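Undergrad: Structure for the following, please:
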Amino acid sequence: MLSWMLYVIMVTLLLSVGAYAAERALRLNRGGTRWIWLAAIASSLCMPFVAESVQSWLPNVVSPQAAQESTVLHQPIVQAMSPASWIAAAAETPAWLSDLDVLLRGLWLGASAALVLVLTGSFVHLALRMRRWQPAVVAGTPVLVTDEAGPAVVGFFRPRIVLPRWVTRAPRAHQAAVLAHERSHLDARDPQLFTLALALLVFMPWNLPLWWQLRRLRRAIEIDCDARILESGIDAASYGEALVYVGEHRSMHIGALAATSGSRSFLEQRLRIMLGKPVKWRRAATAVLAGTSLCLAALAAQLSPPDATKPPVTRAVAPPADENPDQAGRVAITLPDATLERYVGDYAQSDNAFVTVKRAGDHLLLDFSSGPKTEVLAESEDHFFVKDGDARVVFANDGSGKAPSAALWQMGRELPLKRVDATTVAQFKAKLQERMQAQTPAPGTEAALRRLYAGIEAGRPNYEEMQPLLAEALRRDLPKIMASYQQMGPIVSLKFEGVDGGGWDKYEVQRTNGRFNDAIIVGSDGKIAGYFSTQP
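TA: Purely as a prediction, here's the structure:
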C-alpha cells in the first residue's frame with residue numbers, strides 16, 4: 001500500500017508540472033486555463049487505476065528496457081496453489097508490512113470520512129448563514145447583503161451573489177466592476193466547477209499534490225474570470241483600480257469564489273497578467289511548453305504501478321518462525337557426492353505429475369513437471385529444506401543404494417513422492433504429449449473449477465475435493481482469495497484454452513472487472529491437485 005501511495009504521488013507530481021506548463025502556454029495566448037487543472041485533478045485520480053490500459057496503446061517514451069520491466073510488473077500471480085509454487089515461494093511477507101497496509105488503509109478511509117464530514121458541515125453552516133443575509137438589488141442585480149462576507153458567489157444548485165455592505169456604499173464604477181466579475185462567475189458555472197473539484201479530493205485526501213492542483217484551479221478560475229471581463233469591453237485600468245479598492249477591504253472567508261480571493265501577491269499577479277503585453281517569442285515558447293506538458297503526461301502514464309494496484313496476491317507461504325519450529329535454527333551442511341547420488345532420480349507425485357531430483361553442486365534441485373525448479377539444502381543425511389521457506393523433503397533409505405521414496409512436508413501436510421523408473425516417466429511424457437496434441441481438457445476439470453469458484457465465493461469450499469496440501473493452503477488463504485473474487489466480481493464466461501507442458505488445463509476466465517488465465521490439474525483420485533491464476 002505504501003509503495004502504491006508513493007507511486008500515485010509521483011504520478012500526480014508529473015501531471016502537476018505538466019499542467020503548469022500547459023497553463024503557461026495558454027496564458028501566452030490569452031486562453032482559459034481552469035479546465036487544465038480540472039483535467040489534472042481527474043487524471044491524477046484515474047490514471048493509477050487505468051495505467052495498464054493507457055500503456056497498451058501509448059508509445060513508449062522512456063526506453064525499451066523500461067518497457068520490458070513494465071511488462072514484468074504487469075503480470076503478477078494473483079493466486080498460486082500448486083506444490084511447486086508453494087515450495088518456490090519465499091518466506092512470508094513480514095508481519096509489520098501487513099500491519100502497515102492495514103494502518104494506511106484505515107487512515108485513508110478515516111481521512112476521506114473526515115473530509116466528507118468537514119465539507120458537509122461547511123455547506124450546512126453556509127446554508128444557515130445565508131438565511132440571515134438580506135436580499136437586495138444593487139445596480140439592478142439581485143444580491144445578498146452581509147456585514148462581514150464577500151464579494152463572492154455561493155451555492156451549488158442556485159448560486160447567489162453575496163456582497164458585503166461596504167460595496168453598496170462604494171463608487172458606482174467599482175460596484176459595476178464587482179458585479180460584472182461575480183456575474184461572470186455565475187455564467188461560467190465556476191461555483192459548480194470548483195465544488196466538483198473539491199469533492200473529488202475526498203477520494204484521495206492524503207495526496208498533497210492534489211491540494212496544490214486545487215489551489216491552482218482556484219487561481220485559474222479568478223484569472224479566467226478577469227480575462228472574460230476585459231473581453232466584454234471594460235477598461236483594464238478601471239477594472240484594476242476596482243480590484244485594488246476591493247482588496248483593501250478585508251472580508252470574512254466563506255469558502256467560495258470571492259472577487260479578491262487570495263493574497264496580495266496573487267492580486268498583483270492578476271494585475272500583471274491583465275496589463276501584460278504579448279511575449280516576443282510567443283509561438284516558440286508555446287510550442288516548447290506544450291511539448292513539455294505532453295511529455296510529462298506521457299511519462300506519468302508510462303510509470304508502472306506496483307502490485308498494490310492489482311487484486312491482493314494470494315499465495316501459500318511459510319508460517320512465522322515461532323509457528324514453524326522446524327524452520328528455526330536450520331543450518332545447511334555438505335554431504336558426500338555418493339549420498340547425494342542416492343537421491344537423484346524421478347519421483348511420482350501422482351499419475352499425472354512427477355518430480356525429477358538432480359544434482360546441483362553440493363545440493364539438490366527439485367524439477368517439478370508442473371512447475372519451477374527449486375533448490376533444497378541438506379540439514380542431515382536424508383533431511384533437506386528449502387531456503388527462506390517452510391518446506392522440507394525427507395528421503396527414505398532401505399539400504400538398496402537408491403532412495404525408494406520421499407516425502408514433501410509443508411504447512412504440516414505430507415505429499416508422498418514414489419520413485420519411478422525411466423519407463424514410467426516416458427509413458428507419462430507420451431500421454432502428456434498426446435493431450436497437448438489433442439488440446440482437450442482432462443475429464444471433469446471444468447466442473448471441478450466451477451465448483452471451486454462457487455465454494456470460495458460462498459466461503460464454504462469443499463475441501464474433500466482437494467488433495468491435502470491444496471486444502472490446507474486454501475484454508476489458510478481463504479479470506480484473501482474471497483476478497484480478490486469480490487473485487488473482481490462474478491464470472492461472466494469460462495473458456496478452455498488448452499493444455500500446457502506441465503499437464504495443466506488452462507482456462508480463460510472473464511469476470512466483471514477483469515480477465516484471468518486460470519489453470520487446474522486434477523489427480524487420478526479425482527481431487528484437485530493444484531490451481532493457479534494469472535492476470536494478463
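
Undergrad: hang on, S524 is in a helix, isn't it?
TA: No - checked against DSSP: H, G, I helix; E, B strand; the rest coil, S524 lies outside a helix; its state is coil.

Undergrad: what separates it from L432, distance-wise?
TA: In this view, S524 and L432 are 14 Å apart by Cβ to Cβ, to the nearest Å. (Each C-beta comes from the backbone N, C-alpha and C, glycine too.)

Undergrad: Looking at those two, which has the bigger crowd around it?
TA: Using other Cβ atoms under 10 Å, the more surrounded residue of S524 and L432 is L432, with 18 against 9.

Undergrad: low-scoring stretches of the stretch 351-500 of the chain, by residue?
TA: Per-residue confidence for the stretch 351-500 of the chain (pLDDT under 70) gives these ranges: 351-352, 370-372, 388-389, 411-412.

Undergrad: List of residues touching stretch 204-222?
TA: Here stretch 204-222 makes contact (Cβ atoms under 8 Å, 6 or more residues apart in numbering) with 5, 8-9, 12-13, 15-16, 19-20, 23, 32-34, 36-38, 40-41, 44-45, 107-108, 111-112, 114-115, 185, 190, 193-194, 197-198, 201, 257, 259, 261-262, 266, 270.

Undergrad: let's go with 6 Å and repeat that
TA: For stretch 204-222, contacts defined as Cβ atoms under 6 Å, 6 or more residues apart in numbering pick out 12-13, 16, 33-34, 37, 40-41, 44, 111-112, 115, 190, 197, 201.

Undergrad: now, which of these sits nearest A447?
TA: Nearest to A447 among the contacts of stretch 204-222, counting by Cβ to Cβ, is S112 at 43.1 Å.

Undergrad: Tell me the buried residues in the strand or helix carrying that closest one?
TA: In this assignment (DSSP states H and E), S112 forms part of helix 95-130. Within helix 95-130, the residues scored as buried using 16 or more other Cβ atoms under 10 Å are D101, L104, W108, S112, L115, L119, L126, R129, M130.

Undergrad: Check the average confidence over it, would you?
TA: In this model, helix 95-130 has an average pLDDT of 84.

Undergrad: Quick one: name whatever helix or strand follows that helix.
TA: The C-terminal neighbour of helix 95-130 among helices and strands, as given by DSSP H and E, is strand 134-138.

Undergrad: which outside residues touch that next one?
TA: Contacts for strand 134-138 (Cβ under 6 Å, 6+ apart): V143, V145, T168.

Undergrad: go again using 8 Å as the cut-off
TA: Taking Cβ under 8 Å, 6+ apart as the rule, strand 134-138 contacts P142, V143, L144, V145, T146, L163, V167, T168, Q175, L179.

Undergrad: Okay, buried residues for it please.
TA: Buried, per 16+ other Cβ under 10 Å, within strand 134-138: V138.

Undergrad: With stretch 380-387 instead?
TA: D382, F384, F385, V386.

Undergrad: Same list (the residues you listed) but as TSV, adding secondary structure and distance to F516.
TA: Listed next are these as TSV, based on DSSP: H, G, I helix; E, B strand; the rest coil; distance: Cβ to Cβ, whole Å:
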residue	secondary structure	distance to F516
D382	coil	40
F384	strand	34
F385	strand	33
V386	coil	28
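
Undergrad: any chance of those in a markdown table, plus distance to E248?
TA: Shown next, in a markdown table, are the buried residues of stretch 380-387 (distance: Cβ to Cβ, whole Å):
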| residue | distance to E248 |
| --- | --- |
| D382 | 91 |
| F384 | 84 |
| F385 | 79 |
| V386 | 76 |
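
Undergrad: so how far is the first residue of stretch 500-519 from its last?
TA: Using Cα to Cα, to the nearest Å, the end-to-end distance of stretch 500-519 comes to 9 Å.

Undergrad: quick one: buried residues of stretch 280-290?
TA: The neighbour-count check on stretch 280-290 (16+ other Cβ under 10 Å) flags T286, L289, A290 as buried.

Undergrad: mind checking the SS state of the last one?
TA: Of the three states, A290 takes helix according to three-state DSSP.

Undergrad: again with S16
TA: Assigned with three-state DSSP, S16 falls in the helix class.
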